[in-house]
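Engineer: Structure of the sequence below:
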Amino acid sequence: MPPKRTLVRRSDEERIAELQTKIADLQRKLVEQQRTDTPVLRGAEKIAKKLRDFAALAQKHGREDAANSTLAFMAGLDRMLQSEPEPRRRGRREELA
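Structural biologist: Numbering: from 1, shown residues only. All right, here's what the predicted structure looks like:
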């Protein structure tokens with residue numbers, strides 16, 4: 001006969017901490033849903049993986065210059081994507097209409 005399972009009750013503090021992490025996740029998801037550039041962010045994740053692979057390949061073959069340039073580009077792109085998108089400028093034709 002298999003041994004009985006022992007149940008460990010969580011303390012109130014542990015349950016509160018778990019609920020707080022769930023609340024933080026839901027708030028983060030809400031902010032992500034409100035952004036209009038979500039498809040751009042998803043595409044950037046794919047490109048970042050390819051660029052990391054390229055930087056590793058360049059470094060493996062002795063091209064630290066190409067690897068460093070690629071990593072610097074990725075850092076700038078990441079910084080740009082983490083900020084809020086700038087509002088679009090109205091063109092001259094839109095002002096006249």
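Engineer: what are the ranges of the helices in this protein?
Structural biologist: Counting by DSSP state H, one finds helices in the chain at the ranges 12-34, 38-60, 64-82, 92-96.
Engineer: Which other helices and strands does the second one contact?
Structural biologist: The criterion is 3 or more Cβ pairs under 8 Å, 6 or more residues apart in numbering; DSSP states H and E, and the helices and strands that helix 38-60 contacts are helix 64-82. From N, CA and C alone the C-beta is placed, and that goes for glycine too.
Engineer: who's in contact with the helix it packs on?
Structural biologist: Helix 64-82 is contacted from outside by Val40, Leu41, Ala44, Ala48, Leu51, Arg52, Phe54, Ala55, Ala56, Ala58, Gln59, using Cβ atoms under 8 Å, 6 or more residues apart in numbering.
Engineer: What's the separation between the fifth one and Ala75?
Structural biologist: Computed as Cβ to Cβ, to the nearest Å, the Leu51 to Ala75 distance reads 11 Å.
Engineer: ditto for the first one
Structural biologist: For Val40, the distance to Ala75 under the criterion Cβ to Cβ works out to 17 Å.
Engineer: re earlier: by mean pLDDT, show me the worst of the helices of the chain.
Structural biologist: Note on these: helix 92-96 shows the lowest mean pLDDT, a mean of 65.
Engineer: returning to what we had before: in CSV: the helices of the chain, plus distance to Lys4.
Structural biologist: What follows is the helices of the chain, written out as CSV (distance: least, Cβ to Cβ, whole Å):
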stretch, distance to Lys4
helix 12-34, 23
helix 38-60, 46
helix 64-82, 50
helix 92-96, 72
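Engineer: To Arg5, which of those lies closest?
Structural biologist: The minimum distance between Arg5 and the helices of the chain falls on helix 12-34, with 19.0 Å, by Cβ to Cβ.
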